[in-house]
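**Q** Predicted model and sequence follow; I will ask about them next.
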Amino acid sequence: MASARSLTRALRSVPTASTFKTATPRQVDIPCRNANHAFRRGYASQRHQSLNSKGAILSGVAAVAVLGTGYYVYGLKPMQLETPIPESFKAPSTSGQKNPTIFTPTTQDYQKVYDAIAKKLIDEDDYDDGSYGPVLVRLGWHSSGTYDKLTKTGGSNGATMRFAPEGDHGANAGLKAARDFLEPVKEQFPWITHSDLWTLGATCAIQEMGGPDIAWRPGRSDRDVAYCTPDGRLPDASKGSDHLRGIFYRMGFNDQEIVALSGAHALGRCHTDRSGFEGPWTFSPITMTNDYFKLLLDEEWDYRNWNGPRQFQDNKTKTLMMLPTDVVLIKDEGFRPHVDRYAKDQEEFFKEFSEVIMTLFELGVPFESGKEARNVFRRTE
Ligand code: HEM
């Protein structure tokens, strides 16, 4: 209990360099070839792109799924029952009729799921910098950031990263840790869909790491392997502003929203065995702050001299990192004014981050409920 309390305090405390674990790589005992492979592909796996282009792999896999012999990362049943929209999130019914045979979760039931995730975050503090929080945020983002507004495919509906084609995309390397973390919660509350659980997990992690309130509503349904998105929909960290705009405009975001979303890099770190990059962005990687923007502006960022992908390191301590796509935000005149604003005012950043991440987590979801169904969950004491 004492350790749980002290982690809660650590999560909420004002970040200091002393609470920060140094940039010691965690699981770097991997063959060099793999690190280089990750480096070459940046954030989107060319290996899988070429696999996909070898012809109709998705439709082939879809056919397998239809035959009921699909390959499942989690050994799931072929069809998940859709979770009904809870009454408390719906407009009042005119008939007053309820189906007594279906369990209808209420806002309180989702609060219980939130509480279970928050408790696990506190209890399991021996991961990475002391929390699974950052990797949960990355899971929520990667499950949503595949959205394409033109074809209306991808997005947080579906949780298709459970399946091999999408789970194996280079961009998703390491996210099994987050999916596995949430699996016992899914077992405890079997009525929640994976896709609702992943976005709720990210929402919970942000709030519990001292971030802003994030409104959330249920309504995502899990889909089968045929709905996996093609590789290459998530950003490649080695690229420039045109690429960033291409990726985020495709989801429907603008320059201000790209900068606000990038502020999530206040949290977590890069891992050589996942992306090929290494190190944290801030001195407090398990506390949400606007430090990412402050550090971008205040520190001098030099190329790191190492046998790895091109990344930046701070000149003063040489313990922090920035990706090429992070540094683009201070070089590009469309992005820069927002970095300046967010560095000056954490409240302004939190307000705009909260709006845009809520939108991100709702991409591609055919909600039956209206916007009034959004709810902010109570944080742990
Ligand atoms: C702007 C384009 C983006 C690029 C190129 C990018 C790239 C990356 C890379 C390369 C990593 C390291 C993965 C690893 O090695 O473990 C990472 C981690 C992370 N990203 Fe991003 N990212 C972007 C946007 C975002 C957004 C929009 C969010 C959330 C709203 C986000 C949240 C995170 C978090 C929390 C981590 C840390 C994960 C951990 O500690 O395990 N990123 N990102």
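**A** Sure thing, it's come through.
**Q** contacts and neighbour counts: CA atoms only from here.
**A** Will do.
**Q** where does the residue sitting nearest the centre point of the chain fall, helix, sheet strand or coil?
**A** Nearest to the mean C-alpha position of the chain, counting by C-alpha atoms, centre = their mean, stands Arg138 at 2.4 Å. Following DSSP: H, G, I helix; E, B strand; the rest coil, the label given to Arg138 is helix.
**Q** quick one: it and Ala373, what's the gap?
**A** Arg138 is 25 Å from Ala373, where distance means C-alpha to C-alpha, to the nearest Å.
**Q** again, but for Met161
**A** Applying C-alpha to C-alpha to Met161 and Ala373 gives a distance of 26 Å.
**Q** Looking at the two, which has the bigger crowd around it?
**A** The neighbour comparison of Met161 against Ala373 (other C-alpha atoms under 10 Å) goes to Met161, with 25 against 20.
**Q** can you pull the pLDDT of the nearest residue to the more buried one once chain neighbours are set aside?
**A** Nearest residue to Met161 in three dimensions, chain neighbours excluded: Gly167, at 4.6 Å (C-alpha to C-alpha, 6 or more residues apart in numbering). For Gly167, the pLDDT comes out at 98.
**Q** and what of the one 4 residues further on?
**A** Reported pLDDT at Ala171 in the predicted model: 98.
**Q** Burial check on the residue in the stretch 101-250 of the chain that the ligand sits nearest to, number of neighbours?
**A** The ligand sits closest to Ala237 of the stretch 101-250 of the chain, with a gap of 3.5 Å, by C-alpha to the nearest ligand atom. Using other C-alpha under 10 Å, Ala237 is surrounded by 24 other residues.
**Q** Tell me if I'm right that it and Thr325 touch.
**A** Yes - counting by C-alpha atoms under 8 Å, Ala237 does reach Thr325; the two are 5.3 Å apart.
**Q** Write out the residues of the stretch 201-350 of the chain neighbouring the ligand.
**A** By the rule C-alpha under 6 Å from any ligand atom, the part of the stretch 201-350 of the chain lying against the ligand is 235-237, 261-262, 264-265, 267-272, 274-275, 277, 325.
**Q** rerun at 8 Å
**A** Residues of the stretch 201-350 of the chain found near the ligand (C-alpha under 8 Å from any ligand atom) are 234-239, 244, 258-259, 261-278, 280, 285, 323-326.
**Q** Looking at those residues, which are in strands?
**A** 269-270, 280 (DSSP state E).
**Q** between those, which has the most around it?
**A** Top of those by neighbour count (other C-alpha under 10 Å): Pro280, with 26 neighbours.
**Q** Next up, the contacts around the residue nearest to that residue when sequence neighbours are not counted.
**A** Leaving aside its chain neighbours, Pro280 sits nearest to Arg269 (3.9 Å; criterion: C-alpha to C-alpha, 6+ apart). Going by C-alpha atoms under 8 Å, 6 or more residues apart in numbering, Arg269 touches 278-281, 285.
**Q** for these, which one is nearest the ligand?
**A** Proximity of the contacts of Arg269 to the ligand (C-alpha to the nearest ligand atom) peaks at Glu278, which lies at 6.7 Å.
**Q** State the distance from that closest one to Met322.
**A** 9 Å.
**Q** So for those two, which residue has more residues nearby?
**A** For the pair Glu278 and Met322, the greater number of neighbours falls to Met322 (29 against 26), based on other C-alpha under 10 Å.
**Q** If you rank every helix and strand of this protein by mean pLDDT, what lands last?
**A** Of all helical and strand segments in the chain, the minimum by mean pLDDT, DSSP states H and E falls on helix 32-41, at a mean of 31.
**Q** Might one say that Ile255 is in contact with Arg336?
**A** Just to correct that, residue 255 is Asp rather than Ile. No - checked against C-alpha under 8 Å, the pair Asp255 and Arg336 is beyond contact range at 9.5 Å.
**Q** Report the contact partners of Glu333.
**A** With C-alpha under 8 Å, 6+ apart, Glu333 has no contacts at all.
**Q** no, scratch that, I was asking about Gln111
**A** So Gln111 contacts 377-378 (C-alpha under 8 Å, 6+ apart).
**Q** That one sits in which helix or strand?
**A** Using DSSP states H and E, Gln111 sits within helix 107-123.
**Q** now that helix, how far from the centre of its chain.
**A** 18 Å (C-alpha atoms, centre = their mean, to the nearest Å).
**Q** For it, which residues meet the burial criterion?
**A** Within helix 107-123, the residues that count as buried by 16 or more other C-alpha atoms under 10 Å are 107, 110-111, 113-118, 120-123.
**Q** circling back to that earlier point, report the separation between the residue nearest to the centre of the chain and Ser144.
**A** 10 Å.
**Q** cool, Tyr114 as well?
**A** In terms of C-alpha to C-alpha, Tyr114 sits 19 Å off from Ser144.
**Q** swap in Arg336?
**A** Taking C-alpha to C-alpha, one finds Arg336 at 25 Å from Ser144.
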